[in-house]
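**Q** Make a model of this:
(2 chains)
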Amino acid sequence: MRDTPLSNCERRFLLKAIEEKKRLDGRQTYDYRNIKISFGTDYGCCIVELGKTRVLCQVSCELVPPKDSRPTEGIMFFNLELSPMASPAFEPNRQSELLVTLNRQLERCLRNSKCIDTESLCVVSGEKVWQIRVDVHVLNHDGNLMDAASIAAISALSHFRRPDVAIQGRDVTVFSPEERDPIPLSIYHMPICVSFAFFLQGSYLLVDPCEREERVKDGLLVIAMNKHREICSIQSSGGIMLLKDQVLRCSKIASVKVSEITELINKALENDRKIRKEGGKFGFAESMPKERITTLKRDEAPVEMTDVEETAKDIVNRTETTTEVVSVPSPVLVGMGTAQVGEGIVNSWGLDEEEEDEPQTEDTKTDEVMVISDSEEEEVVILNEEVQ
Amino acid sequence: MDTIHACFKEKIGEVLLPGDVFSFSFPESGDGSIKTEKVICGPGLRRNGEEVQVCKSGILRHKQPNMYWIDSQQRRYVPAKGESVIGIVTAKSGDIFKVDVGGSEQASLSYLAFEGATKRNRPNVQVGDLVYGQFTIANKDMEPELVCIDSCGRANGMGVFGADGLLFKVSLGLVRRLLAPQSEIVKDLEKIFPFELVVGMNGRVWVKAKTVQQTLIVTNLLETCENMTSQQRQTLFKKVAEGSL
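**A** Numbers count the residues shown, from 1 in each chain, chains lettered A, B, ... in the order given. Below is the predicted model of the structure:
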């Protein structure tokens, strides 16, 4: 199936909106979408949702003979697949450039950074080692597959437990999970990729581009970093010229984002561990919220109206205030814990409860803009027109 | 009471699933005359010999005097003759443009199918432009064909459009609601601020307002008011209207 082409007016609009620092879903330039990490019933199965982008990762292991050049190290094998259900642009069994790029970046990020201790995967040197296989499947493509894939991969690796082995001489016994508890992998650090999309010859950048923003981008910079501020890999594609301070700025932003995401991963892992220990229900079925067609099932779409406040203030200031402002007298201490403000003023509370538009008290009149928002859906500034 | 109408009438407003069957048992009338009733089966209903079968899930609707159809919700567009859609030009080849309308096949649009176009005077259409046109041929056996003029040769609002503004996709049900003659959604939206709106029956909507901000607001509002009741929608629009003065 062919993908819907991007029309010229969409492209122009997106670039114009980016110039005005506005994004389609109301995020700021450095904001990530909502990240949701959920684990399955098996160890090593993880789904990451980055906004609408969904990625599934499964880690498995098996005993194989090691490579000749490295007889004492285990083997890590990474595989990323673009499922046709993710986007109409993905056709099955087609080696597209995107696929190769994602695979290479995932390998560089996880294998070359040596985040997993491969020596601990050795069972019998030269004969049997563990091969850890990481399979990442893209379920829905709404931009920024690289970040989602790296988060899913590292979460699944942290969640995974390999079977316990006992070695007696040359005999190797692999225990099933019922006989002996499986052992987690030894992970040194968690490298996470952060993507920056550049527009208009590098003058504007956006973090975590969504699918439409990705289509109009000029170039992409992917920085893989861990929470100790160590850069594991940097890749720049698209052929745009980046200045040194741009790259430095991106790495600073990346370190902030990576620490947030690492905390999120650790929290998710901790939750899952707690639930499993308490014997509660875990797995994907529990983490999916029950959605009903009769309720609004979209996420909140924040509607930004920041400059509305200024115009409102202008209007309010421009109109003359005709009431005199009587200063409130300072409180007079009458006794222990009792004070009195004003004397002989008529109590205006409790009168005229139906007329909410009347000025609150006869003493003071506020010129400020009141923000009354009981909306649970959107951030909206509501003005209370007090000036008649 | 007519039997066919009676059979349908009891299910109007109910949710039907594909496979539901309306079978009509004609009582033997004493004098031997059979009244002929004309019933028009709209989308979602199919005649199968003596029965009418439901082939889409949705709510059964009725329009006087004798039209019945299934109101279903879907996002995937299937080209149908006479519908006006927004298409994106993908290729120019010889005398025709290839236009993507969101269906399984790309539609073809002849360069002569514009107002005032002749062999010498070609229309100014580039790859990636938006066109608003009607289907003249749209069935499952042939490639669909679009035109941007009506039967009198006038453009009537069709053709290339959209120098600015934003194109986005919604479900077909929302599009039908927007295009209904007395659409509440459009009326409520008008009160907020002025904007231009082009609605294609393939689920594509184009919006242009004075500023980028306002365009984004209208886009987000239209995308979110799909599953809202009219009450929720009105409160939402009111809040937005007050917030943006």
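
**Q** near chain A, which residues of chain B?
**A** Within chain B, the residues that sit near chain A (CB under 8 Å from any CB of the partner chain) are B:88, B:90, B:100, B:102, B:104, B:106, B:126, B:128-130, B:162-167, B:206, B:212-213, B:215-217, B:219-221, B:223-224, B:227-228, B:232, B:236, B:239-240, B:242-245. For every residue, glycine as well, the C-beta is placed using N, CA and C.

**Q** The residues you listed in strands, which ones?
**A** Among these, the ones falling in strands (DSSP state E) are B:88, B:90, B:100, B:130, B:166-167, B:206.

**Q** all helices for chain B, in order.
**A** B:3-9, B:172-179, B:184-190, B:212-224, B:230-243 (DSSP state H).

**Q** Confidence-wise, which of those is weakest overall?
**A** Note on the helices of chain B: helix B:3-9 shows the lowest mean pLDDT, a mean of 77.

**Q** Name the residues of it that are buried.
**A** B:4, B:8 (16 or more other CB atoms under 10 Å in any protein chain shown).

**Q** what's the most distant pair in the ones in strands among the residues of chain B next to chain A?
**A** B:Thr90 and B:Leu166 (19.3 Å; CB to CB).

**Q** Looking at these two, which is more packed in?
**A** B:Leu166 (25 against 16; other CB atoms under 10 Å in any protein chain shown).

**Q** For the more buried one, name its beta-bridge partners.
**A** Applying DSSP bridges to B:Leu166 gives these bridge partners: B:Val207.

**Q** how much space between the residue nearest the centre of chain B and B:Ala180?
**A** Nearest residue to the geometric centre of chain B (CA atoms, centre = their mean): B:Met201, 3.1 Å. Going from B:Met201 to B:Ala180 by CB to CB, to the nearest Å gives 12 Å.

**Q** quick one: buried residues of stretch A:44-63?
**A** A:44-51, A:53-61, A:63.

**Q** hang on, I meant stretch B:224-239
**A** B:224-228, B:233, B:236-237, B:239.

**Q** quick revisit: just the buried ones from the residues of chain B next to chain A?
**A** For the residues of chain B next to chain A, buried by 16+ other CB under 10 Å: B:88, B:90, B:100, B:102, B:106, B:128-130, B:162, B:165-167, B:206, B:212-213, B:215-217, B:219-221, B:223-224, B:227-228, B:236, B:239-240, B:242-244.

**Q** so where's the stretch 151-300 of chain A uncertain?
**A** Where the stretch 151-300 of chain A drops to pLDDT under 70, the residues are A:287, A:289-300.

**Q** Now do the strands in it.
**A** Along the stretch 151-300 of chain A, the stretches classed as strands by DSSP state E, counting those that start in this stretch are A:161-162, A:165-168, A:171-174, A:183-184, A:192-199, A:204-207, A:219-225, A:231-237.

**Q** JSON lines please, covering these and showing mean neighbour count and distance to chain B.
**A** Shown next, in JSON lines, are the strands of the stretch 151-300 of chain A (neighbours: other CB atoms under 10 Å in any protein chain shown; distance: least, CB to the nearest CB, whole Å):
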{"stretch": "strand A:161-162", "mean neighbour count": "19", "distance to chain B": "41"}
{"stretch": "strand A:165-168", "mean neighbour count": "11", "distance to chain B": "51"}
{"stretch": "strand A:171-174", "mean neighbour count": "12", "distance to chain B": "49"}
{"stretch": "strand A:183-184", "mean neighbour count": "14", "distance to chain B": "42"}
{"stretch": "strand A:192-199", "mean neighbour count": "25", "distance to chain B": "15"}
{"stretch": "strand A:204-207", "mean neighbour count": "20", "distance to chain B": "14"}
{"stretch": "strand A:219-225", "mean neighbour count": "23", "distance to chain B": "21"}
{"stretch": "strand A:231-237", "mean neighbour count": "17", "distance to chain B": "23"}
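
**Q** Which of those strands sits closest to B:Gly116?
**A** Comparing the strands of the stretch 151-300 of chain A under CB to CB, the one sitting nearest is strand A:192-199, at 37.9 Å.

**Q** who are the neighbours of that closest one, in terms of helices and strands?
**A** Strand A:192-199 sits against helix A:145-159, strand A:204-207, strand A:219-225, helix A:244-278, with contacts defined as 3 or more CB pairs under 8 Å, 6 or more residues apart in numbering or on different chains; DSSP states H and E.

**Q** close enough to count as contact, B:Tyr132 and B:Ile86?
**A** Yes: the pair B:Tyr132 and B:Ile86 qualifies as a contact (CB atoms under 8 Å) at a distance of 5.7 Å.

**Q** Give the residues shared as contacts by those two.
**A** Common neighbours of B:Tyr132 and B:Ile86 (criterion: CB atoms under 8 Å, 6 or more residues apart in numbering or on different chains): B:198, B:200.

**Q** Where does the prediction get shaky in chain B?
**A** Where chain B drops to pLDDT under 70, the residues are B:1-2, B:25-35, B:244-245.
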